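# Kindly generate the corresponding structure for this input.
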Amino acid sequence: MRPLHIRSPVSQGRRHTLPASEFRSLSPEDAISVFEIEREAFISVSGECPLHLDEVRHFLTLCPELSLGWFEGGRLVAFVIGSLWDQERLNTDALTLHKPHGTTVHIHILAVHRTFRQQGKGSILMWRYLQYLRCLPSVRRAVLMCEDFLVPFYRKSGFKVQGPSRITVGPLAFIDMVYPVRGHAFMRRNSGC
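Sure thing, here's the model as predicted:
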């Protein structure tokens, strides 16, 4: 007869842990990490950076509450940077201005570090960012401009196409998209706001 082998309850449990994730607003001290991820992500695809290092610092100084960084093990892996805007559609002023009394969040950039791409982090980060915007009582909508190939990604997050953007950067043309920030999470129990 063979001895009966019984697994102990301890060995049946999961033995691995997930990396510590943290979501927080970015600060000017995060600007270099942000710019390094942005430069790698955009230069390789379009040849242009949406924000230069001084512009990243500018927005993270003026409106850090409209940014969101995803950190794993203390390392920035993805981020979103936005600013307030006060007009129906974006124009070239929207690329560098923050309008403190605006009710629209202009999402300048969403980028994921190359080693963390194709894992759904961009979608998760956008979802968390849009949920966060619902906590801001003055925000009524979010807008962004993107290249054609990114339209399906943003549609999955709930954005609608507004039409061709008035803004071009060199030979690049963009599509304006809008997301209505419905309801206010701060009015509901257990909203996290």
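
# can you tell me the helix or strand for the spatially closest residue to residue 124 that is not a sequence neighbour?
In space, and not counting its chain neighbours, residue 124 is closest to residue 70: 7.9 Å by C-beta to C-beta, 6 or more residues apart in numbering. C-beta: built from backbone N, CA, C; applies to glycine. Applying DSSP states H and E as the criterion places residue 70 in strand 67-72.

# Residue 127 now?
Assigned by DSSP H and E, residue 127 falls in helix 121-133.

# helices or strands up against that helix?
strand 67-72, strand 75-85, strand 104-112, helix 151-156 (3 or more C-beta pairs under 8 Å, 6 or more residues apart in numbering; DSSP states H and E).

# Return the distance of the first one from the chain's centre.
Computed by C-alpha atoms, centre = their mean, to the nearest Å, the chain-centroid distance of strand 67-72 equals 8 Å.

# That one: partners in the sheet, and parallel or antiparallel?
Looking at strand 67-72 with DSSP bridges, its partner strands are strand 21-24 (antiparallel), strand 75-85 (antiparallel).

# and those strands, which is most packed in?
strand 75-85 (a mean of 23; mean count of other C-beta atoms under 10 Å).

# how about low-confidence regions in the protein?
1-19, 43-50, 183-193 (pLDDT under 70).

# okay, which residue is most central for it?
In the chain, the residue lying closest to the centroid (C-alpha atoms, centre = their mean) is residue 80, at 2.9 Å.
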